[in-house]
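Enquirer: no FASTA, just this:
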């Protein structure tokens, strides 16, 4: 598998050097692997910090900036960051109003953020953790590690970031993040597997005419394998799967995120989104806001995920609030 | 029994150095196992962690077994990430905390048991969930049983290694209930757990270190 890299071992540091060169509005601490805003917020403000394995760009570093995150901690490819990173980030950006960790629900992420929260508490920092677990492909039971955090992370970081920017207190920002997560569901389909640079070959083999249904964002296989079908059928299945789980009723409003997994052309994403919008209309669901593009990727995996967040006045207003990050901008 | 060798600082350091070598040697196998039901990085993550631990131990210099293993655990937490970093990091820190000085077999058995407790507290896994716990639990039982019947360190550690390897093999028919493999549901059946496999490697390495 061809990759635009120098060496597999240096991918993360080389990419961070690129982020630093491309974005003077960010401060990139390459040794500590922490991305923060170059200009710190003026007054006391809840600091929003996220992190996770690399390979999901623009998540999370691309969402650092006014109106969204204060800091991001990128781990090795598909490997959660270490507690030292989150502690360094928390100490760098905390300015008197406490810290919220936004954590995607994966075993490693949860453990490393938990240890980081312990260390931060020992240093006198007040930390709240918002766990994102929106992937309906995983049955949330004692038989699994629980639902995975995927597309809803963008909505949590955007809305909680907007609320924090307005000076809302720590518990309110954390509660909003939890509310947005609870209002969100996602489901993904892959046409190809992702190739981790260090592995050099795809995470699973997929015949030319088959797809993986219910995949996550770490190159692991999905729930089942099926024959490829027209986008209309796939979009309808994804919408129906989410609606079955989500208990949305006709007349409800949603924010829809149609997300590319890394190697899907925007042309195809829009084909899928058109079908998603049509299906939602058939089911009586109103799309109040939509976002189409690559936001939570899985390296070079082809495919898409759909996230539907039940909207209300407060969420829409926070979604519409100004944001200025590398990957999401709104005046 | 003053003539019975004890688990001291130099032995603890030899153990960690041997784990680093074993992880490097076995990396292809760990990668293969983890590719089947995870994302294929278990071997490289452990190698990164134990390589860093060697550097940390060089800086530490001669120390009691507790300090060696605590330093190892702290380094794993700082360098590995994923689930294996915190789990093995907490485990080695707990083992270290239970070994203030050179240890007889019974003391080392309790220290290894404390390591298991740390893994279970953080990972919330039960035996049968297809995790590290499935190799570590029988290893502690075997070590403790051997120590209670007067076994030497090499004998107890060899019994523990045998039990850990059996425990790792026994994960093959299990359906994963924790970690990334659990997302696969029934598709995780038929594959040996990479975490249980690396735990077996850690116990086999302990036996070899104490035997040579």
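Expert: Yep, it's here. Keep in mind it's a predicted model, so treat the numbers as computed, not measured. Residues are numbered from 1 along each chain as shown, chains lettered A, B, ... in the order given.
Enquirer: partners of the helix-or-strand element of chain A with minimal mean pLDDT in the sheet?
Expert: When each helix and strand of chain A is scored by mean pLDDT, DSSP states H and E, strand A:224-227 comes last, with a mean of 92. Here the strand partners of strand A:224-227, with direction, are listed using DSSP bridges: strand A:210-213 (antiparallel).
Enquirer: list the buried residues of the partner strand.
Expert: A:211, A:212, A:213 (16 or more other Cβ atoms under 10 Å in any protein chain shown). Glycine gets a C-beta too; all of them are placed from N, C-alpha and C.
Enquirer: same thing with stretch A:311-329?
Expert: Within stretch A:311-329, the residues scored as buried using 16+ other Cβ under 10 Å are A:311, A:315, A:318, A:319, A:321, A:323, A:325, A:326, A:327, A:328.
Enquirer: low-confidence bits of the chain, can you list those?
Expert: The chain I'm using is chain A. Along chain A, segments meeting pLDDT under 70 span A:140-143.
Enquirer: that's the wrong chain, I meant chain B
Expert: Short version for chain B, where the test is pLDDT under 70: B:1-4.
Enquirer: quick one: buried residues of the longest helix along it?
Expert: With DSSP state H applied, the helix covering the greatest number of residues in chain B is identified as helix B:9-37. When neighbours are counted by 16+ other Cβ under 10 Å, the buried residues of helix B:9-37 are found to be B:9, B:11-20, B:22-23, B:26-27, B:30-31, B:33-37.
Enquirer: can you give me the helices in the chain?
Expert: In the absence of a named chain, chain A is used. Listed in chain order, the helices of chain A (DSSP H) span A:11-22, A:83-93, A:107-122, A:152-165, A:170-182, A:231-246, A:266-282, A:313-320.
Enquirer: other chain: chain B
Expert: In chain order, chain B shows helices spanning B:9-37, B:42-60, B:65-79, B:84-97, B:105-123, B:133-148, B:153-169, B:194-211, with DSSP H as the criterion.
Enquirer: between helix B:153-169 and the first one, find me the angle.
Expert: The one in question is helix B:9-37. Orientation of helix B:9-37 against helix B:153-169 (axes from the mean of the first three to the mean of the last three Cα atoms, to 10 degrees) gives an angle of 10 degrees.
Enquirer: can you list the residues of chain A near chain B?
Expert: A:53, A:75-84, A:106-108, A:111-112, A:114-115, A:137-139, A:142-145, A:148, A:196, A:198-199, A:203, A:216, A:218-221, A:223 (Cβ under 8 Å from any Cβ of the partner chain).
Enquirer: mind listing which of these are in strands?
Expert: A:53, A:75, A:76, A:77 (DSSP state E).
Enquirer: closest one to chain B out of these, please.
Expert: Proximity of those to chain B, judged by Cβ to the nearest Cβ, is greatest for residue A:75, which lies at 4.8 Å.
Enquirer: that older thread, and the residues of chain A next to chain B, which are buried?
Expert: Listed as buried from the residues of chain A next to chain B are A:53, A:75-84, A:106-108, A:111-112, A:114-115, A:137-138, A:144-145, A:148, A:196, A:198-199, A:203, A:216, A:218-221, A:223; burial here means 16+ other Cβ under 10 Å.
Enquirer: picking that back up, can you tell which of the helices of chain B is closest to chain A?
Expert: Taking Cβ to the nearest Cβ as the criterion, chain A comes closest to helix B:84-97 out of those, the separation being 4.0 Å.
Enquirer: do the closest one and chain A meet?
Expert: Yes - for a cut-off given as Cβ under 8 Å from any Cβ, helix B:84-97 has contacts with chain A, namely B:84, B:85, B:86, B:87.
Enquirer: okay if I get those residues as JSON lines plus neighbour count and distance to residue B:49?
Expert: As requested, the residues of helix B:84-97 next to chain A are arranged in JSON lines below (neighbours: other Cβ atoms under 10 Å in any protein chain shown; distance: Cβ to Cβ, whole Å):
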{"residue": "B:84", "neighbour count": "28", "distance to residue B:49": "8"}
{"residue": "B:85", "neighbour count": "30", "distance to residue B:49": "6"}
{"residue": "B:86", "neighbour count": "29", "distance to residue B:49": "11"}
{"residue": "B:87", "neighbour count": "30", "distance to residue B:49": "11"}
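Enquirer: which parts of chain B sit against chain A?
Expert: Residues of chain B found near chain A (Cβ under 8 Å from any Cβ) are B:31, B:35, B:37-41, B:44-45, B:48, B:77-87, B:122-123, B:175, B:177-180, B:182-185, B:187.
Enquirer: need the contact list for residue 53.
Expert: Just going to use chain A. Listed by Cβ atoms under 8 Å, 6 or more residues apart in numbering or on different chains, the contact set of residue A:53 reads A:74-81, A:108-109, A:218, B:81-82.
Enquirer: actually it's chain B I care about, not the one you picked
Expert: Neighbour list for residue B:53: B:16, B:20, B:71, B:72, B:75, B:76, B:79 [criterion: Cβ under 8 Å, 6+ apart].
Enquirer: out of those residues, who's the most crowded?
Expert: Note: the member of these with the most neighbours is residue B:72, at 31 neighbours, neighbours being other Cβ atoms under 10 Å in any protein chain shown.
Enquirer: for residue A:320, what are its contacts?
Expert: Counting by Cβ under 8 Å, 6+ apart, residue A:320 makes contact with A:289, A:330.
Enquirer: swap in residue B:185?
Expert: Contacts were defined as Cβ under 8 Å, 6+ apart; by that measure residue B:185 touches A:139, A:143, A:144, A:223, B:175.
Enquirer: and residue A:92, how far is that from chain B?
Expert: Residue A:92 sits 17 Å away from chain B when distances are taken as Cβ to the nearest Cβ, to the nearest Å.
Enquirer: so what's the closest residue in space to residue A:111 that isn't next to it in sequence up against?
Expert: Spatial nearest neighbour of residue A:111, excluding adjacent residues (Cβ to Cβ, 6 or more residues apart in numbering or on different chains): residue B:86 at 4.0 Å. For residue B:86, the residues meeting the contact criterion (Cβ under 8 Å, 6+ apart) are A:83, A:108, A:111, A:112, A:114, A:115, B:77, B:80, B:122.
Enquirer: and which of the residues you listed is nearest residue A:299?
Expert: Nearest to residue A:299 among the contacts of residue B:86, counting by Cβ to Cβ, is residue A:108 at 17.2 Å.
Enquirer: pick out the most distant pair among the ones in strands among the residues of chain A next to chain B.
Expert: A:75 and A:77, at 8.0 Å, using Cβ to Cβ across these.
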